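In: Turn this into a structure:
(one chain, ligands or ions: 2)
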Amino acid sequence: MADQPILLDVQNLRKTFRVGRGKTLYAVDDVSFAIRRGETLGLVGESGCGKTTVGRTLVRLYTPDAGKILLDGEDIAGYTARQIRKAHLPRRMQMIFQDPYASLNPYFTVGEIIGEGLELHHIGKNREERMERVYALLDQVGLHREHANRFPHEFSGGQRQRVGIARALAMDPEFIVCDEATSALDVSVQAQVMNMLIDLKKERNLTYLVVAHDLSLVRFISDRVAVMYLGKIVEIGDVRSVYDTPRHPYTIGLLDAVPVADPDYEATHDVRLMQGDIGSPINPGPGCRFASRCPYATEQCRRETPPLASAGGDHSVACFHPVV
Ligand SMILES: Nc1ncnc2c1ncn2[C@@H]1O[C@H](COP(=O)(O)OP(=O)(O)OP(=O)(O)O)[C@@H](O)[C@H]1O
Ligand SMILES: [Mg+2]
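Out: Ligands and ions are numbered 1, 2, ... in the order given. From the prediction side, this is the model:
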């Protein structure tokens with residue numbers, strides 16, 4: 001994978017939200033990472049750390065406050081709605097949403113939902129050709145052509161998620177953000193949909209950003225993984241390296257929180273990690289955002305923001321005192 005060209009190069013990305021009088025919520029704060037063509041980057045971290053905001057900003061559903069998003073070397077961060085259309089960004093980048101029920105228009109049939117983008121972007125010569133394409137997509141995600149005339153509420157959760165996937169695939173994108181694409185599903189259906197996403201990736205040479213709470217799932221499907229904490233990437237690298245030798249106290253705490261069937265577990269692990277308050281992304285002060293919860297925090301950690309620095313090979317960590 002390391003020999004593949006970089007598809008997305010994200011530099012110092014920031015996305016804030018105004019929340020009440022004079023308050024600014026730093027959902028994504030000075031985040032940098034790159035994704036190579038054909039790669040799957042996993043994105044993990046506790047609820048509210050900014051994963052969905054990263055995804056939505058990358059595919060330009062949000063406009064970032066600052067930073068660059070280089071897509072094949074072209075900075076799309078500041079594109080206007082018109083430039084986004086002109087550059088065919090929706091054809092190149094798609095998102096599968098966290099909540100398929102909320103993201104599918106209930107008044108549209110599944111055929112209309114999947115075909116909408118085709119029509120909007122003038123893909124296919126006429127209605128018949130577009131419908132044929134919709135049928136082929138339904139088939140590809142394990143649904144039937146009869147399903148095209150039904151409405152979202154007539155489907156199960158797993159089927160609805162497949163509709164969301166078919167809608168994303170319809171544009172034949174190069175890059176897909178999968179935001180908790182399977183977390184609302186039963187474990188068995190989860191595996192089916194995940195395996196389908198893996199197969200589609202191989203068939204179509206896709207590049208993925210996969211957001212998920214399930215750390216074992218992320219390990220299974222990702223080449224690299226990024227760990228976020230309150231708007232910042234605190235650790236990133238090759239999946240094996242990050243999971244086997246995590247360096248940031250937060251990553252260690254996160255991995256330790258995965259349930260294991262071992263009565264001696266607490267005796268061998270530092271259970272002090274992950275205690276205390278998660279802190280707030282609103283008007284954050286200086287210093288490491290994990291400092292309030294970190295048993296190793298020093299004065300420097302409370303004063304300065306640790307930069308993301310190489311920890312050897314393809315593994316970087318933002319910590320003044322990385323664990324060895
Ligand atoms: N449109 C918005 N307006 C104001 N604040 C927002 C908005 N969207 C997200 N936020 C805030 O930004 C922060 C990051 O939210 P985001 O949805 O990106 O988190 P997440 O990591 O995807 O969480 P989860 O795992 O629960 O999906 C949160 O504090 C959230 O409350
Ligand atoms: Mg989210």
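
In: When you work out contacts or count neighbours from here on, use the C-alpha atoms and nothing else.
Out: Fine.

In: Could you list the contact residues of the stretch 51-200 of the chain toward ligand 1?
Out: Within the stretch 51-200 of the chain, the positions near ligand 1 by C-alpha under 6 Å from any ligand atom are 51-53.

In: State the number of residues packed around Gln140.
Out: The number of residues packed near Gln140 is 16, by other C-alpha atoms under 10 Å.

In: Check Met228 too.
Out: Met228 has 23 nearby residues by other C-alpha under 10 Å.

In: Pull the contacting residues for the residue positioned nearest the centre of the chain.
Out: By C-alpha atoms, centre = their mean, the chain has its centre lying nearest to Val211, at 3.4 Å. Contact analysis of Val211 by C-alpha atoms under 8 Å, 6 or more residues apart in numbering lists 42-44, 51-52, 177-180.

In: quick check, Lys15 in a strand?
Out: Yes: using DSSP: H, G, I helix; E, B strand; the rest coil, the assignment for Lys15 is a strand.

In: Quick check: it touching Gly67?
Out: No: look at Lys15 against Gly67 with C-alpha atoms under 8 Å: they stay out of range, at 9.1 Å.

In: Between these two, which is the more surrounded one?
Out: When neighbours are counted by other C-alpha under 10 Å, Lys15 and Gly67 differ, and Lys15 comes out ahead with 22 against 19.

In: For that one, give me its contacts.
Out: Lys15 neighbours (C-alpha under 8 Å, 6+ apart): 26-29, 53, 57, 63-66.

In: between the residues you listed, which has the most around it?
Out: Most crowded among these, counting by other C-alpha under 10 Å, is Val28 at 28 neighbours.

In: Buried among the contacts of Val211? Need that as a selection in PyMOL.
Out: In PyMOL syntax, the buried subset of these is picked out as below (16 or more other C-alpha atoms under 10 Å):
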select buried, resi 42+43+44+51+52+177+178+179+180
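
In: picking up where we left off before, any idea what the residue nearest to the centre of the chain is bridged to?
Out: Leu43, Asp179 (DSSP bridges).

In: pLDDT-wise, which helix or strand of the protein ranks last?
Out: helix 265-268 (a mean of 52; mean pLDDT, DSSP states H and E).

In: immediately after that helix, which helix or strand?
Out: Sequence order places helix 299-303 as the next helix or strand after helix 265-268, per DSSP states H and E.

In: Work out the gap between the helix or strand just after that next one and the centre of the chain.
Out: Scanning forward in sequence from helix 299-303 by DSSP H and E, the next helix or strand is strand 309-310. On the basis of C-alpha atoms, centre = their mean, to the nearest Å, strand 309-310 is displaced by 22 Å from the centre of the chain it belongs to.

In: again with stretch 303-315
Out: 21 Å.

In: Which residues belonging to it are considered buried?
Out: 305-306, 308, 311, 315.
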